[in-house]
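Colleague: Here is a sequence together with a model predicted from it:
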Amino acid sequence: MDFDVIVVGSGSAGLAAAISAAENGAATLMIEKNPELGGTSGWSVGSITTSASPHQRAADIYDTPDRHFSDMELFHGDRLKGRDNLKLRRVLVDNSPPTFDWLLSLGLVFYGPMPEPPHTQPRMHNILPNSRMLIHHLSKHAAKLGVEIRLSTPLEDLIVEKGRVTGVVAGGDKIRAGRGVILAAGDFSSNDALKQRYMPPNMARVDGFNPASMGDWHDPVTALGGRILNGDVALGPEIRFRPPAKMTLVRKLPPWLWLARAVRWSIDHVPARILRPFILGFLTTALMPSLDLYRQGALLINRNGERFSDETDNPSDQMPDQPDGEAFVVMDGELADAFRAWPNFISTAPGIAYAYLDDYRRNRPDIFFRANSLAELASKTGMDPVKLEQAVAEYNAKDADGDRRPCATPPFVALGPVQSYIMTTDGGLAVNENLQVLGNGDLPIPGLYASGSTGQGGLLLEGHGHHLGWGFTSGRIAGRHAALAGRNDDDLLTA
């Protein structure tokens, strides 16, 4: 069967692209290689950063895309200075407000705006109750518009005729696209070969958080002259707790809009002591331990009971060399007591709450261990007791100082295992402002578009809420332009 537009991928960018193409009159197919929709977006916290939102106006916050544009520069630092694609940054900040309004028009519920320095204004808005809400309702809306959705249908190749992309080979079928193909299939953070090609060695050997992020689009596009920009930039390596084996309470919640509105009301009106366990049922999933833990004396101990790194000096680089690539965060009773209340939190997720030690004890018993001696702690975690005691003794004798407490007072606590992850790679295909993929001589490859992480085009998306915001924004733009492109028009109409 032939279609006007084919979208590859079903995360934020893919769903937005499919909906946008259908809204603009295109017969649209969306394919997803996994048996369920959502991609990495489905595992995100669900933050979207934007200026000029209704939530900001309700809070008497005056904010503009121009201010947002300037503040994004504050995240870069010396290493990334001068590497951003300013044209795409402009596309993002100018189009984020209408994209956010569009999501609200679908009935989705957000909490915010929340501050996140170095942003000079609160801009972070969080979906309630979780990111599954985005995937469920956008896919439902896409189907209502007539988008055909095929799961377990991986991209195998692009069909190219006379220099133009005219379809895909997917799931063993050749499927035609009369107006365009939109690649929205995420990043390449779990593709070892591509990481070795584009990333520094210390990053290339770190696992991707989403094992399905394989960059399946890479080889077919580069064969046409497409290229990756900022392939060495990534969110990570980050040391994070292992995700729970079972869904947490909040991720099990059905994606009912009335429930989202009830959660939104509860955040403002229900006492924190009642609401807190509910909210933190989601927050303590696969989050990053605070660096203050290490600065104050927490140790990283591998499964053999060995301390393998100075915890304050990029320990994520050594994590892949450890047994099973994992370790435990070990602390004594005094340090554990300090991390039961502000300002010492174990981890944080954007805007909603901080998680303290007791939150992990209650909500993540699978990664919380407490014992009256190091030997008992080793028994509970599977570490070698002799090596653990030796590692702690050596730390106390050599490295404990005024800033880093000794690890000496029972009861002892271990959290973990933790592992190093690349959360997402920021290397994406070179695209223009219309999300056309650029080939040789920076000319558009006719019939081919890319959005989200696949079409990041050198845009730097540091800080929470920018990746998801770019996914929805770029997907809407790509879908609109692909739908409006004539069957034989190589030059895209500008909306």
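Modeller: On my side now, so go ahead. Everything numeric here is computed off the predicted structure, so don't read it as measured data. Numbering: from 1, shown residues only.

Colleague: going forward, measure contacts and count neighbours with C-alpha atoms only.
Modeller: OK.

Colleague: Residue 369 pairs with what?
Modeller: Assessed by DSSP bridges, residue 369 has beta-bridge partners residue 414.

Colleague: how about it, what does it touch?
Modeller: Residue 369 makes contact with 377, 380-381, 413-415 under the criterion C-alpha atoms under 8 Å, 6 or more residues apart in numbering.

Colleague: Give me the buried entries from those.
Modeller: Buried by 16 or more other C-alpha atoms under 10 Å: 377, 381, 413-415, out of the contacts of residue 369.

Colleague: Dump the contacts of residue 369 to a markdown table, plus pLDDT and distance to residue 401.
Modeller: Listed next are the contacts of residue 369 as a markdown table, based on pLDDT from 0 to 100; distance: C-alpha to C-alpha, whole Å:
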| residue | pLDDT | distance to residue 401 |
| --- | --- | --- |
| 377 | 97 | 24 |
| 380 | 97 | 28 |
| 381 | 96 | 27 |
| 413 | 98 | 20 |
| 414 | 98 | 21 |
| 415 | 97 | 23 |
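
Colleague: ok, of those residues, which one's closest to residue 332?
Modeller: Closest approach between those and residue 332, by C-alpha to C-alpha: residue 413, at 6.1 Å.

Colleague: how close does that closest one sit to residue 347?
Modeller: Going from residue 413 to residue 347 by C-alpha to C-alpha, to the nearest Å gives 16 Å.

Colleague: got it, and residue 31?
Modeller: With distances taken as C-alpha to C-alpha, residue 31 is found 36 Å from residue 347.

Colleague: Which positions in stretch 35-51 come out as buried?
Modeller: Across stretch 35-51, burial judged by 16+ other C-alpha under 10 Å covers 37-51.

Colleague: Return the subset of those residues lying in helices.
Modeller: The members of these all map outside helices under DSSP state H.

Colleague: Between those, which sits nearest residue 201?
Modeller: Using C-alpha to C-alpha, residue 40 is the member of the buried residues of stretch 35-51 that lies nearest residue 201, at 23.9 Å.

Colleague: from memory the closest one sits against residue 188, does it?
Modeller: No: using C-alpha atoms under 8 Å, residue 40 is not in contact with residue 188; the gap is 11.4 Å.

Colleague: what touches both of those two?
Modeller: By C-alpha under 8 Å, 6+ apart, the residues touching both residue 40 and residue 188 are residue 213.

Colleague: one step back: now, among the buried ones among the contacts of residue 369, which is nearest to residue 192?
Modeller: Using C-alpha to C-alpha, residue 415 is the member of the buried ones among the contacts of residue 369 that sits closest to residue 192, with 28.4 Å.

Colleague: pretty sure that closest one contacts residue 329?
Modeller: Yes: Residue 415 is in contact with residue 329 according to C-alpha under 8 Å; the separation is 5.0 Å.

Colleague: Return the helix or strand in the protein with minimum mean pLDDT.
Modeller: Here the helix or strand of the chain ranked lowest by mean pLDDT, DSSP states H and E is helix 249-252, holding a mean of 54.

Colleague: ok, so of the buried residues of stretch 35-51, who is nearest residue 178?
Modeller: Nearest to residue 178 among these: residue 37, at 24.6 Å, using C-alpha to C-alpha.

Colleague: surely that closest one meets residue 137?
Modeller: No: using C-alpha under 8 Å, residue 37 is not in contact with residue 137, being 11.4 Å away.

Colleague: hmm, what's the outermost residue in this structure?
Modeller: Residue farthest from the centre of the chain, counting by C-alpha atoms, centre = their mean, is residue 397 at 39.9 Å.

Colleague: Show me the contact partners of whichever strand or helix holds it.
Modeller: Using DSSP states H and E, residue 397 maps to helix 385-398. Contacts to helix 385-398, defined as C-alpha under 8 Å, 6+ apart, come from residues 301, 304-307, 374-379, 406-408.

Colleague: Buried ones only from those, please, as a ChimeraX command.
Modeller: Command for ChimeraX that selects the buried part of the contacts of helix 385-398, burial taken from 16+ other C-alpha under 10 Å:
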select :301,304,305,306,307,374,375,376,377,378,406,407,408
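
Colleague: which residues of the stretch 351-495 of the chain score low on pLDDT?
Modeller: For the stretch 351-495 of the chain, the stretches flagged by pLDDT under 70 are 351-353, 486-495.

Colleague: Break down the stretch 151-300 of the chain into its strands, ranges please.
Modeller: 155-161, 164-170, 173-183, 228-229, 234-235, 238-241, 299-302 (DSSP state E, counting those that start in this stretch).

Colleague: how about TSV for the ones you listed, with mean pLDDT added?
Modeller: As requested, the strands of the stretch 151-300 of the chain are exported to TSV (pLDDT from 0 to 100):
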stretch	mean pLDDT
strand 155-161	97
strand 164-170	97
strand 173-183	97
strand 228-229	98
strand 234-235	88
strand 238-241	90
strand 299-302	97
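
Colleague: Now do the helices in the stretch 301-450 of the chain.
Modeller: Ranges of helices in the stretch 301-450 of the chain, per DSSP state H, counting those that start in this stretch, are 333-338, 357-363, 374-381, 385-398.

Colleague: mind checking which of those helices is nearest residue 226?
Modeller: Closest among these, using C-alpha to C-alpha: helix 357-363, at 45.4 Å.

Colleague: can you give me how far that closest one is from the chain middle?
Modeller: Helix 357-363 sits 24 Å away from the centroid of its parent chain (C-alpha atoms, centre = their mean, to the nearest Å).
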